[in-house]
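*Asks:* the sequence isn't on hand, but the structure is:
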């Protein structure tokens, strides 16, 4: 822009503002990076949510700014921080690992930056190789090496990220023990953050102490135990260490740790530790997950450990009040993350060698996980379980997995409430402000012109017999909608809805449950392969058309 | 009595024009939309009526028995139309006499969408495609007598979906091949005023005489394959040559029966869709035509003019036609179909 032409000062100022807006606007996005989301973290201000995703086309962090308007959650802005093509935040085996420690995507706020474990390509061109850390600041994501390149090996995966009271960053790394990065002075990190002569801390199996060793040394797996989980209370400095042989407790600046017995056993393989602060009828403490492979099966358990170190098993209680021993183990799931909202602890779980997925809801006062269903039968299908709560995911055309859960503050007019965010593999993020009674779904969706000026069929090519396509449109005011489908020669094929009420919405007015075509005509018969035209009309005779190609059809 | 009979029949046929629908399957969801849409701007203008009029082109599509009427000239037809929602189509027909009593011809029709947006399951725009669906016919006709003729044509279909290149997760193919099927036609000049025509379409080469084939949009079976069929159609038409205000006029009526079950014959009306087409053509000026038509929910209007071009010492007849269409069910208006037809002397 030639500012010389802006002779008047006021005009020049307007030019500067326009350029600034254009530059800033390029960082703004229209939706999520992807609908395949693996983790969520509250942002630095109320209503801000950071979600990390990995999709076919793009991967990175979506920064959502959410607001409450008339009791409804609305997304006021999207921003993206995209990762590189050769480093991701999620490894390839996140769903196929058989024990809990590698089935989650750790993240933490560290000195104003959101940090993730970075995953790079291994020798097989799979994303399984630890590649350092990803730092996200505003809309920028950069890769930061942890150690010099010659030390980066297949061992030492980053299994967690915790910040201590001295602002040091602690990371459990399996057989490579614990890595500590002291607080950094520079605003933006430049790696490698450690040198070969720096130390890492391994957990000695003989004296149960954290022992410093040089970063370039190879820990003796016979003399050290793997460190698989870590929790640090950033206010008190108390540290909980999960190892292949039990749970250990101590202070973050001390090397001697004390064993904590869980269910009378101090040798369980501890794969997850989550801290709970006191409040809402619950005490301070930690929830601890153990999982280990025995006889071709993952044996799992979940414990509550209070501030005095007393451990009790988290049991499952059905609607009749009956407690189910070994209930958590019988589910064969692992927990990826937890969030506390109100009187409940929500735990996002995924099945190990099964298709179960959903949310465990644990009551804070009793530490019991309560079932949602009166029936304990699993006859409803592999995805259903009476213990796992579900959510409104906004899609009906695909199977989805619950990948994580997080809580974040939301401002109301007079106070602040906590929202619950659930991320999914395939259906973006669902938000609830009423403990799961209702949900606001946030999907990666292309923008649509309002006022029924545009109809998008998602997807527009329906591949396969079970394919469905959503009729996506947006209204500027509430209306009665009719959706009809016609063949290429404009013969009627199907009426999806007639005179159904739909609301104005800034993103989508479609109802994902009913505004969906499954390739059938009005009589339920699959239509022939070809092009079909979808007409959406309101009660003011405004109409718009979408197009869809159906590749199913015929007789199987 | 004859008047009562004719009026009753006319009333019955008027009722028929509203159409009877199957209670099992929608006609719109059945294979064969290229065939259902007809060929030729002239025929479109008069409501897609063509099986009974001896001059209808391309005869290989409309009624192969009409090929026997071509004598020694070579007739051609070229048509293009642009419809609403980026739909477009074209058609070509060539036919001519063979010997004293035979004729042969071929026809090709293509329907496409010029701007089909490819959107994936993640609501991402992948690009724009132009999928195209084709049908072609090759036929012969025999003159049985001065008034009657028979004909047969083979129809084939194929498609190019133009979307495979957008997908790398499965090995898709754009080229889909339909099957070949037989159309049998009969034409009869009842009198100087009446012509009749009957065509049976999509007779397959199997035990059920079904025009059935397998199709799979992927090379490696990663997408499910299916067996599909083009419905058998029985089409019977009549044209009456008369006068209106002293100028020649024709009245057309065609009745169609679509059997939407993949079997030899089924008499259950739930598997049938009956449709009717009516058309009117008037020649108020010499070589000029005005056409009106109605084809089961679609209203058409057309104009035409027959030119005679002198090239060297020879006069070449050339007709130029225009038609427009209102698709009543969808409430869509398509004002542009143009075509030329003529003879090569």
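*Replies:* Arrived safely, thanks for sending. Keep in mind it's a predicted model, so treat the numbers as computed, not measured. Residues are numbered from 1 along each chain as shown, chains lettered A, B, ... in the order given.
*Asks:* does residue B:202 touch residue B:230 like I think?
*Replies:* Yes. Contact criterion Cβ atoms under 8 Å: residue B:202 and residue B:230 qualify, at 4.5 Å. Quick note: C-beta positions are derived from backbone N, CA and C, even for glycine.
*Asks:* which residues do these two both contact?
*Replies:* Common neighbours of residue B:202 and residue B:230 (criterion: Cβ atoms under 8 Å, 6 or more residues apart in numbering or on different chains): B:32, B:35, B:181, B:211.
*Asks:* now do the contacts for the first one.
*Replies:* Read that as residue B:32. A:528, B:157, B:202, B:230, B:231.
*Asks:* could you rerun that using 7 Å?
*Replies:* For residue B:32, the contact set (Cβ atoms under 7 Å, 6 or more residues apart in numbering or on different chains) comprises B:230, B:231.
*Asks:* contact partners for the closest residue in space to residue A:498 that isn't next to it in sequence?
*Replies:* Leaving aside its sequence neighbours, residue A:498 sits nearest to residue A:482 (Cβ to Cβ, 6 or more residues apart in numbering or on different chains; 4.8 Å). Residue A:482 makes contact with A:497, A:498, A:499, A:537 under the criterion Cβ under 7 Å, 6+ apart.
*Asks:* just the buried subset of the residues you listed, please.
*Replies:* Buried members of these, scored by 16 or more other Cβ atoms under 10 Å in any protein chain shown, are A:497, A:537.
*Asks:* now the contacts of residue A:482 in CSV, with distance to residue B:170 and secondary structure?
*Replies:* Formatted as CSV, these follow (distance: Cβ to Cβ, whole Å; DSSP: H, G, I helix; E, B strand; the rest coil):
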residue, distance to residue B:170, secondary structure
A:497, 31, strand
A:498, 35, strand
A:499, 39, strand
A:537, 35, strand
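*Asks:* residues near the residue nearest to residue B:166 when sequence neighbours are not counted, how many?
*Replies:* Leaving aside its chain neighbours, residue B:166 sits nearest to residue B:126 (4.2 Å; criterion: Cβ to Cβ, 6+ apart). Residues near residue B:126, counting by other Cβ atoms under 10 Å in any protein chain shown, number 18.
*Asks:* now name the helix or strand holding residue B:126.
*Replies:* For residue B:126, the element it lies in under DSSP states H and E is strand B:125-129.
*Asks:* helix or strand right after that strand?
*Replies:* Immediately after strand B:125-129, counting by DSSP H and E, sits strand B:132-143.
*Asks:* and that following strand, how far out from the chain middle?
*Replies:* The chain centroid and the centroid of strand B:132-143 are separated by 11 Å under Cα atoms, centre = their mean, to the nearest Å.
*Asks:* other SSEs contacting that strand?
*Replies:* Secondary-structure packing of strand B:132-143 (3 or more Cβ pairs under 7 Å, 6 or more residues apart in numbering or on different chains; DSSP states H and E): helix B:33-36, helix B:59-62, strand B:102-113, strand B:148-160.
*Asks:* right, and those - which one's nearest chain A?
*Replies:* For the helices and strands packed on strand B:132-143, the distance to chain A is smallest for helix B:33-36, at 4.5 Å, taking Cβ to the nearest Cβ.
*Asks:* from residue A:221, how far off is residue A:168?
*Replies:* 26 Å (Cβ to Cβ, to the nearest Å).
*Asks:* ok, those two, which is more surrounded?
*Replies:* A side-by-side neighbour count of residue A:168 and residue A:221, using other Cβ under 10 Å, places residue A:168 first with 17 against 14.
*Asks:* that one and residue A:183 touch, don't they?
*Replies:* Yes. If you go by Cβ atoms under 7 Å, residue A:168 and residue A:183 touch, sitting 6.0 Å apart.
*Asks:* SS state for residue A:330?
*Replies:* helix (DSSP: H, G, I helix; E, B strand; the rest coil).
*Asks:* run a quick neighbour tally on residue A:200.
*Replies:* By other Cβ under 10 Å, the residues close to residue A:200 number 24.
*Asks:* show me what contacts it?
*Replies:* A:176, A:177, A:178, A:179, A:213, A:215.
*Asks:* how about a cut-off of 10 Å?
*Replies:* Applying Cβ atoms under 10 Å, 6 or more residues apart in numbering or on different chains to residue A:200 gives the contacts A:147, A:156, A:171, A:173, A:176-180, A:194, A:210-217, A:219, A:227.
*Asks:* point out where the chain drops to low pLDDT.
*Replies:* You didn't say which chain, so I picked chain A. In the predicted model, chain A carries pLDDT under 70 at residues A:1-30, A:150-156, A:373-384, A:396-397, A:553-556.
*Asks:* let me rephrase: I mean chain B.
*Replies:* B:1-20, B:22.
*Asks:* what's opposite the nearest residue in space to residue A:496 that is not next to it in sequence in the beta bridge?
*Replies:* Closest residue to residue A:496 apart from its sequence neighbours, by Cβ to Cβ, 6+ apart: residue A:483 at 4.1 Å. For residue A:483, the beta-bridge assignment (DSSP bridges) gives partners residue A:497, residue A:536.
*Asks:* who in the stretch 51-200 of chain B is up against chain A?
*Replies:* Residues of the stretch 51-200 of chain B found near chain A (Cβ under 10 Å from any Cβ of the partner chain) are B:83-87, B:89, B:111-113, B:115-126, B:129, B:131, B:133, B:159, B:161-164, B:166-170, B:172, B:176, B:178.
*Asks:* are any of the residues you listed buried, and which?
*Replies:* B:83-87, B:89, B:111-113, B:116-124, B:126, B:129, B:131, B:133, B:159, B:161-164, B:166-167, B:172, B:176, B:178.
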